[in-house]
Structure formats: structure tokens, C-alpha cells
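# Give me the fold of what follows.
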Amino acid sequence: MSHAENVLRRCWTVILATTLLWSMDAAAQPEVAGAKDFPLIKRYEGSRLIGYDSRAFDAFKLLLGKLKLGDDGQPAFDAVREVEGRHTRLLYLAPPGRSSLEVFRNYESDLVAKGFTVLFKCSGEEECESFGTEIYRKLYPPTGALQNNALSKVAFNVPGEPRYLAATLQRPEGEVTVSLYVAVERGNAFPETKDRVAILLDVVEAKPMEAKMVTVDAATMAKDIAATGRVALYGLYFDTDKAELKQESAPSLAEIGKLLKGQPDLKVYIVGHTDNVGIFDYNMSLSQRRAKSVVDQLIKSYGIAPERLKPAGAGMIAPVASNDDEAGRSKNRRVEIVKQ
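Numbering: from 1, shown residues only. This is a model prediction of the structure:
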């Protein structure tokens, strides 16, 4: 055997060994620690839970129409219904040899049998080819909690035979909405997921948000601004994806007005902040519009001179806590007063 043949054989040995080790490691990985199936919806028999995330209160865009791409390249849909509440996200890998149709029909039948109403569904490349990629990577970027292992990171890399449905169930304790996306992973790079069906299940249980933030009074704001040049406020409330202040914001607005009237030489930036849920450009715009809404109300309702106020939007780029859980995300959704 020539030297070149020996080198080639050694290279192939390394490649095969690496592939085998990766496959063994992926196969040996346990299910996500602390993860559990959603009580109302059983998993497809033999499936493995490879990704899990649970948020006590979150907003979710339930897709009710076909995917489009706008001029800016961002995803858009014929129809979207926004729901809020406890959000559970589960990512499963079905056993080998199952088709996306078989898995999808099992879930659909189970949901209908339990009283769910299907609001929208699609199948095939023409109708919902990009749903998985857009849902998994753009509209709802995976968190560290969801992507806790190698398998979950490659879900829907090259999705084939895609199928999607949105469904809802009315209960006395509140509505439950479901988003289900099923597709076969066609990527060749990862043996463990090759030709296996991946299942992305999002469940939102409608429930009121727990109001735990308290109004900061003018004296406390003045003290914090004197010490650090800024103060974070959690008593300014907006509906999800909206920039208009809610009525519950009135006490905090009154305290801001009191602060500014008590210090007539003080000029400030009003800075809006969001968590990391959603698309970057959209969150930057939303935080800017919310900051402007606060400025407009201070001018209109409290007679603060416009030249003393400047709105700014920081979006998700200045978190004060981790975005991996709802407790951290709630701290990141805030408005700050920053001394100019």
C-alpha cells in the first residue's frame, strides 16, 4: 500500500470515528432536566424530548396564515393572532422510520378528540415550507433553555415534508392555544437527526400577568439619579406589541411629572427597553415608540417643556438580567430615566 493510500485510510478512520462518537454522544444525551410533557397533550409514542422552555407569562404570535417575506426580508404572515399567558415550548425527536404525516395526524386527532378547534393548518413545501425555520429561528429565537444539547441545536436545519396547525381550546379556567410544526430533518451532517421527524409544540395558557412591580416615588427617583445618573421604572405598562400607555401607568407618570417639576433644570432621556423575545429591528422600533409615548404624556398631561425630554429606544441590547427565564425578562422590560 502506498504512502498516499495509508494517509487516506487514516483520514477516513478519523472521520468515521468522529461521526460515531458524535452519534453515540447524541444518542446518550438524557432528556432535558426538569422538562415534562404538557399535561393535556401526550407525546407521540417513542419520541424523545430534546428541548424545553417554560415561561410564566409571555406573548406568542399564533400563525393563522401563509408565510410571506417582506421587502426587508423579514417574515410576515397573512394572519397572526397574538396570545398571552403561560408559554410552554417543547421540541421532540420522533423515533426512526416515522413519516411527518403519521406524526402530524396523531397529534391532530388527539387535539380534536380533546375538544380543540383547528384554526389553521398547512402542509407541503408550497404552503408552509419555511414555517419551521422562521418559527424556530426568527420569530421565536431559541433560548439556552430550549437548546440544551446538540440535537436541539440542529432541529429544522433542512426541513422536509413540513406540516403545521394552530388550534384552540376553551376552558372555564382560560383558553389554551397550540402551535404545532412537524417536519423531517433532511440534513446529512448529523446522523442522529437524519431523516427523523422533529416536532415543535408551543402551548399558551391564558392567564393574567402577576403585577409585582411597585411605583417608584419622585423622591426615590431623585435619589437614584443623583447617585447613578439613571433610574429604572417598572410601573409604566403597555399592551404586548403596543406603544400606547395603559391606564395603570398613571401613578408612575404622576411621580415622574412631580420629579421634573421639582427640578426645573433637570433634562433627561426617556429610554425604552425590551426583552429578547422577537426580532431585533422590531424591538428597537417598539422601544423607541414606547419612550416617545411616555414623553408625549409628560408634555401633554404635566406641562413638561419638550426640550427637557428626549426619547430613545434601546430594544434588547442593554439587559439587566438573563433573558433565559421570565423573571429575568420581566426585569429587562422597563423604561429608564437617564440624566442628560
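
# so how far is the helix or strand hosting S330 from its chain's centroid?
Per DSSP states H and E, S330 falls inside helix 326-332. Relative to its chain's centre, helix 326-332 lies at 13 Å (CA atoms, centre = their mean, to the nearest Å).

# Show me what that helix is in contact with.
For helix 326-332, contacts defined as CB atoms under 8 Å, 6 or more residues apart in numbering pick out 55-58, 212-213, 234, 273-277, 316, 319-323. Where C-beta positions appear, they are placed from N, C-alpha and C, glycine not excepted.

# if we go to 6 Å?
For helix 326-332, contacts defined as CB atoms under 6 Å, 6 or more residues apart in numbering pick out 55-57, 275, 319-323.

# Quick check: mean pLDDT of the next helix or strand after it?
Sequence-wise, the next helix or strand downstream of helix 326-332 (DSSP H and E) is strand 334-339. For strand 334-339, mean pLDDT rounds to 94.

# Give me the buried stretch members for strand 334-339, please.
For strand 334-339, a neighbour-count test (16 or more other CB atoms under 10 Å) marks 334-338 as buried.

# Against which helices or strands is it packed?
In terms of contacts (3 or more CB pairs under 6 Å, 6 or more residues apart in numbering; DSSP states H and E), strand 334-339 is packed against strand 230-233, strand 268-273.

# need the next SSE after the last one, C-terminal direction.
Note on strand 268-273: by DSSP H and E, the next helix or strand toward the C-terminus is helix 280-302.

# Which residues outside whichever helix or strand comes after that following helix are in contact with it?
Next helix or strand after helix 280-302 toward the C-terminus (DSSP H and E): strand 309-315. Contacts to strand 309-315, defined as CB under 6 Å, 6+ apart, come from residues 269-274, 283-284, 287-288, 291-292, 295.

# Would you list the strands that strand 309-315 pairs with, along with their directions?
Neighbouring strands of strand 309-315 in its sheet, by DSSP bridges, are strand 268-273 (parallel).

# longest strand in this structure, by residue count?
If you go by DSSP state E, the chain has its longest strand at strand 48-63.

# Averaged pLDDT, that strand. What do you get?
84.

# what about the helices in the stretch 1-150 of the chain?
Using DSSP state H, counting those that start in this stretch, the helices of the stretch 1-150 of the chain run over 3-28, 100-113, 124-128, 131-133, 150-153.

# So for the longest one, mean pLDDT?
Helix 3-28 carries an average pLDDT of 41.

# which residues does Y181 bridge with?
Y164, L200.

# Domain map for the protein?
1-29, 31-205, 218-339 (automatic domain parsing).

# start to end distance for the last one?
By CA to CA, to the nearest Å, the extent of domain 218-339 from end to end equals 14 Å.

# from now on call the first residue 38
Taking 38 as the first residue, the last one we looked at is domain 255-376.

# one step back: kindly reformat the helices and strands packed on strand 371-376 as JSON lines containing mean pLDDT and distance to T154.
Formatted as JSON lines, those follow (pLDDT from 0 to 100; distance: least, CB to CB, whole Å):
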{"stretch": "strand 267-270", "mean pLDDT": "92", "distance to T154": "40"}
{"stretch": "strand 305-310", "mean pLDDT": "96", "distance to T154": "37"}
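
# what's the least confident stretch among the domains of the chain?
Ranked by mean pLDDT, these bottom out at domain 38-66, with a mean of 42.

# What sits closest to F75 if chain neighbours are left out?
Leaving aside its sequence neighbours, F75 sits nearest to V240 (CB to CB, 6 or more residues apart in numbering; 4.9 Å).

# Check which element follows the helix or strand containing the one you found along the chain.
In this structure, V240 is located in strand 234-242 according to DSSP H and E. Counting by DSSP H and E, the next helix or strand C-terminal to strand 234-242 is helix 255-265.

# between that next one and strand 371-376, what angle do the directions make?
Counting by axes from the mean of the first three to the mean of the last three CA atoms, to 10 degrees, helix 255-265 lies at 60 degrees to strand 371-376.

# Can you name every helix or strand that helix 255-265 contacts?
Short answer (3+ CB pairs under 6 Å, 6+ apart): helix 255-265 packs on strand 267-270, helix 287-299.

# would you turn these into TSV with mean neighbour count and distance to L77?
Converted to TSV, the helices and strands packed on helix 255-265 look like this (neighbours: other CB atoms under 10 Å; distance: least, CB to CB, whole Å):
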stretch	mean neighbour count	distance to L77
strand 267-270	19	38
helix 287-299	18	38
